[in-house]
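J.: Pasting a predicted model and its sequence here:
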Amino acid sequence: MAGFSSKSMVLVSLMGLLALLLCGTSEAHSNHDCCLSYTKVRLPRWALKGYTEQLASEVCDIPAIIFHTNSGLKACVNPKEGWVKKHLLFLSHKLKRMSA
């Protein structure tokens, strides 16, 4: 791979790993785009641009937060996790600043 620095290769490798982790069984599936399970990966705040909330209803079996990443991926996470609550607070402040 001529032309790539070692730092570039590390960055590309890390982004590829993140993509693989997010594209696992935790991604939103089915015709209704429901989360069927949670990712075990703790996502970094810098990778997030927004979120949606999934409520446990007749269509979706589990409650979940669906984090939307800057790279366009989605990850289903457990809304009861402490880190998820902190990330939601961070995103809500970030989104308020952007709309002001």
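T.: Looks like it arrived, so ask away. Please read these numbers as outputs of a predicted model, since none were measured by experiment. Residues are numbered from 1 along each chain as shown.

J.: Buried residues of stretch 85-98, list them for me.
T.: 87-88, 91 (16 or more other Cβ atoms under 10 Å). Glycine gets a C-beta too; all of them are placed from N, C-alpha and C.

J.: just those residues now: which is nearest residue 42?
T.: Proximity of those to residue 42 was ranked by Cβ to Cβ; the top entry is residue 87 with 9.0 Å.

J.: what is the nearest residue to residue 47 once chain neighbours are set aside paired to in the beta sheet?
T.: Counting by Cβ to Cβ, 6 or more residues apart in numbering, residue 47 lies nearest to residue 69, which is 4.9 Å off, once chain neighbours are set aside. For residue 69, the beta-bridge assignment (DSSP bridges) gives partners residue 48.

J.: Please, where are all the strands along the chain?
T.: 48-54, 64-69, 74-77 (DSSP state E).

J.: Deepest-packed of these, please.
T.: Of all the strands of the chain, strand 74-77 has the most neighbours on average by mean count of other Cβ atoms under 10 Å, namely a mean of 23.

J.: helices or strands next to that strand in the packing?
T.: Counting contacts by 3 or more Cβ pairs under 8 Å, 6 or more residues apart in numbering; DSSP states H and E, strand 74-77 packs against strand 64-69.

J.: My guess is residue 83 contacts residue 42. True?
T.: Yes - Residue 83 lies in contact with residue 42 (Cβ atoms under 8 Å); the separation is 5.4 Å.
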